[in-house]
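>>> with the sequence up front, the predicted model follows.
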Amino acid sequence: MRTHITSILLFSTLLTASAQYGSFNAAAVKAAKAHTTIVVLDGGNTPYDRAIMDAVKGHWTFSSAYEFVTIAELGAQPVMPDRTYLLRTSKVDAVKFEGTFLTLVQGWKPK
(Lines give C-alpha, C1' and ligand atoms only; values in the text may rest on other atoms or scores of the structure.)
Protein backbone atom coordinates (compact mmCIF):
# COMPACT_ATOMS: atom_id res chain seq x y z
CA MET A 1 0.00 0.00 0.00
CA ARG A 2 2.81 2.38 0.89
CA THR A 3 4.54 1.69 -2.43
CA HIS A 4 1.29 2.40 -4.28
CA ILE A 5 0.88 5.81 -2.59
CA THR A 6 4.54 6.65 -3.20
CA SER A 7 4.17 5.73 -6.87
CA ILE A 8 1.11 7.96 -7.24
CA LEU A 9 2.88 10.89 -5.59
CA LEU A 10 5.98 10.41 -7.73
CA PHE A 11 3.92 10.18 -10.92
CA SER A 12 1.92 13.32 -10.12
CA THR A 13 5.11 15.23 -9.26
CA LEU A 14 6.75 14.20 -12.54
CA LEU A 15 3.61 15.03 -14.50
CA THR A 16 3.42 18.49 -12.94
CA ALA A 17 7.11 19.15 -13.49
CA SER A 18 7.01 18.17 -17.14
CA ALA A 19 3.74 19.95 -17.95
CA GLN A 20 5.07 23.41 -17.16
CA TYR A 21 7.47 25.41 -19.25
CA GLY A 22 8.47 28.92 -18.44
CA SER A 23 11.11 31.48 -17.93
CA PHE A 24 14.00 30.98 -15.58
CA ASN A 25 14.80 34.67 -15.69
CA ALA A 26 13.31 36.28 -12.57
CA ALA A 27 13.84 39.76 -13.99
CA ALA A 28 11.77 38.90 -17.08
CA VAL A 29 8.92 37.58 -14.93
CA LYS A 30 9.03 40.67 -12.70
CA ALA A 31 8.98 42.94 -15.75
CA ALA A 32 6.05 41.01 -17.26
CA LYS A 33 4.02 41.50 -14.08
CA ALA A 34 4.30 45.26 -14.52
CA HIS A 35 2.85 45.15 -18.06
CA THR A 36 -0.78 45.13 -19.11
CA THR A 37 -2.00 41.63 -19.91
CA ILE A 38 -3.92 41.37 -23.16
CA VAL A 39 -6.39 38.47 -23.01
CA VAL A 40 -7.09 37.20 -26.52
CA LEU A 41 -10.66 36.00 -27.14
CA ASP A 42 -12.09 34.00 -30.04
CA GLY A 43 -14.55 36.73 -30.92
CA GLY A 44 -18.23 36.10 -30.86
CA ASN A 45 -20.04 34.85 -27.82
CA THR A 46 -18.31 31.47 -27.45
CA PRO A 47 -18.25 29.43 -24.22
CA TYR A 48 -14.45 29.86 -24.13
CA ASP A 49 -14.78 33.65 -24.29
CA ARG A 50 -17.29 33.73 -21.44
CA ALA A 51 -15.25 31.30 -19.31
CA ILE A 52 -11.90 33.07 -19.75
CA MET A 53 -13.45 36.50 -19.12
CA ASP A 54 -15.07 35.27 -15.90
CA ALA A 55 -11.84 33.58 -14.80
CA VAL A 56 -9.66 36.63 -15.45
CA LYS A 57 -12.10 39.07 -13.85
CA GLY A 58 -12.49 36.88 -10.79
CA HIS A 59 -9.06 35.35 -10.26
CA TRP A 60 -6.31 37.08 -12.26
CA THR A 61 -3.42 38.10 -10.00
CA PHE A 62 -0.34 37.99 -12.25
CA SER A 63 -0.63 41.61 -13.35
CA SER A 64 -2.74 44.47 -12.05
CA ALA A 65 -4.10 45.54 -15.45
CA TYR A 66 -5.68 43.51 -18.21
CA GLU A 67 -7.79 44.10 -21.27
CA PHE A 68 -9.71 41.88 -23.65
CA VAL A 69 -9.27 41.81 -27.44
CA THR A 70 -10.56 39.44 -30.08
CA ILE A 71 -8.25 37.49 -32.34
CA ALA A 72 -9.29 39.78 -35.24
CA GLU A 73 -8.42 42.90 -33.25
CA LEU A 74 -5.07 41.39 -32.29
CA GLY A 75 -4.30 40.78 -35.97
CA ALA A 76 -5.05 44.41 -36.80
CA GLN A 77 -2.71 45.92 -34.20
CA PRO A 78 1.03 45.56 -33.81
CA VAL A 79 2.32 43.17 -31.17
CA MET A 80 3.97 45.35 -28.55
CA PRO A 81 7.14 44.18 -26.74
CA ASP A 82 5.98 45.86 -23.53
CA ARG A 83 2.74 43.89 -23.28
CA THR A 84 1.96 40.40 -22.06
CA TYR A 85 -0.55 38.29 -23.99
CA LEU A 86 -2.71 35.46 -22.64
CA LEU A 87 -3.90 33.30 -25.49
CA ARG A 88 -5.13 29.84 -26.26
CA THR A 89 -2.74 27.62 -28.19
CA SER A 90 -3.07 24.10 -29.56
CA LYS A 91 -0.37 21.55 -30.18
CA VAL A 92 -0.73 18.33 -32.19
CA ASP A 93 1.99 15.70 -31.91
CA ALA A 94 3.06 13.11 -34.47
CA VAL A 95 0.50 10.59 -33.18
CA LYS A 96 -2.25 13.19 -33.68
CA PHE A 97 -3.02 13.82 -30.03
CA GLU A 98 -4.09 17.41 -29.57
CA GLY A 99 -3.53 19.51 -26.48
CA THR A 100 -4.97 22.95 -25.82
CA PHE A 101 -3.13 25.30 -23.47
CA LEU A 102 -3.39 28.79 -22.08
CA THR A 103 -0.12 30.49 -22.91
CA LEU A 104 1.19 33.68 -21.34
CA VAL A 105 3.74 35.31 -23.63
CA GLN A 106 5.58 38.58 -23.53
CA GLY A 107 5.33 40.61 -26.72
CA TRP A 108 8.10 40.42 -29.24
CA LYS A 109 9.79 42.69 -31.70
CA PRO A 110 9.23 41.72 -35.33
CA LYS A 111 12.44 41.04 -37.26
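Received it, and whenever you're ready, just let me know what you need. Numbering: from 1, shown residues only.
>>> so L102 lies in a helix, does it not?
No. Counting by DSSP: H, G, I helix; E, B strand; the rest coil, L102 is not found in a helix; it is strand.
>>> what bridges to it?
Partner residues in beta bridges with L102: R88, with DSSP bridges as the criterion.
>>> any idea how far it is from V95?
From L102 over to V95 the distance is 23 Å, taken as Cβ to Cβ, to the nearest Å. (Each C-beta comes from the backbone N, C-alpha and C, glycine too.)
>>> neighbour count for those two, which is higher?
Comparing L102 with V95 by neighbour count (other Cβ atoms under 10 Å), the higher total belongs to L102, at 11 against 5.
>>> residues contacting the more buried one?
The neighbourhood of L102, defined by Cβ atoms under 8 Å, 6 or more residues apart in numbering, consists of I52, L86, L87, R88, T89.
>>> please pick the buried ones from those.
Burial of the contacts of L102 was assessed by neighbour count (16 or more other Cβ atoms under 10 Å); the buried members are I52, L86, L87.
>>> quick one, grab the pLDDT at the last one.
Read it as L87. According to the per-residue confidence, L87 scores 87 in pLDDT.
>>> and for it, nearest residue in space, chain neighbours not counted?
Here the nearest residue to L87 in space, its sequence neighbours aside, is V40; by Cβ to Cβ, 6 or more residues apart in numbering that works out to 4.0 Å.
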